[in-house]
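# What follows is a predicted structure for the sequence shown.
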Amino acid sequence: MGYEKEIVLFEIEDKSIALPVSIESDTVWLSANQMSVLFGSDEKTIRKHINNVFSEELIRENNTQKMRVVGVKQPVPFYTSDVIISVGYRVKSKRGVEFRRWANSALKE
């Protein structure tokens, strides 16, 4: 995969949500665990939303790439920004709402 970098994805109520992310081919890749931190939701809920995005055929499975992560035996699936945005529009957490506001304003620019 590409390179890792820590970036601020968006800011809420004077707090920055910063995550180490993988960047390749001009897209951000996050794991379900990283999305749970980003959206302030548990990982089980994030995985449910990811599965629903794929089962509803909104996004193709090729938006997933498995990577080795230190300390984890099995390769971990990472998802493109298309999946991240789709999940962000489904999560019903406070950060999910803030993410949707941020995404809507970013799309208008």
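Sure thing, it's come through. Residues are numbered from 1 along each chain as shown.
# what's the burial count for residue 28?
Burial measure for residue 28: 19 neighbouring residues, criterion other Cβ atoms under 10 Å. The way it works is simple: take the backbone N, C-alpha and C, and place the C-beta from them, glycine included.
# I meant residue 89, not that one.
Other residues near residue 89 come to 13 when the count uses other Cβ under 10 Å.
# Distance-wise, check the nearest residue to it once chain neighbours are set aside relative to residue 39.
Leaving out its chain neighbours, the residue that sits closest to residue 89 by Cβ to Cβ, 6 or more residues apart in numbering is residue 100, at 6.0 Å. Spatial separation of residue 100 from residue 39 under the definition Cβ to Cβ, to the nearest Å is 10 Å.
# thinking again about what came up before, okay, now the residue nearest to residue 89: neighbour count?
What residue 100 shows, counting by other Cβ under 10 Å, is a neighbour count of 15.
# okay, and the common contacts of residue 100 and residue 39?
Residues touching both residue 100 and residue 39 by Cβ atoms under 8 Å, 6 or more residues apart in numbering: residue 88.
# can you count the residues close to residue 45?
Look at residue 45: counted by other Cβ under 10 Å, it has 19 neighbours.
# Go ahead and list the helix or strand containing the residue nearest to it when sequence neighbours are not counted.
Nearest residue to residue 45 in three dimensions, chain neighbours excluded: residue 91, at 7.1 Å (Cβ to Cβ, 6+ apart). Counting by DSSP states H and E, residue 91 is held by no secondary-structure element, helix or strand.
# residue boundaries of the strands in the protein?
Defined through DSSP state E, the strands belonging to the chain, from first to last, are 3-12, 15-24, 27-31, 64-67, 76-79.
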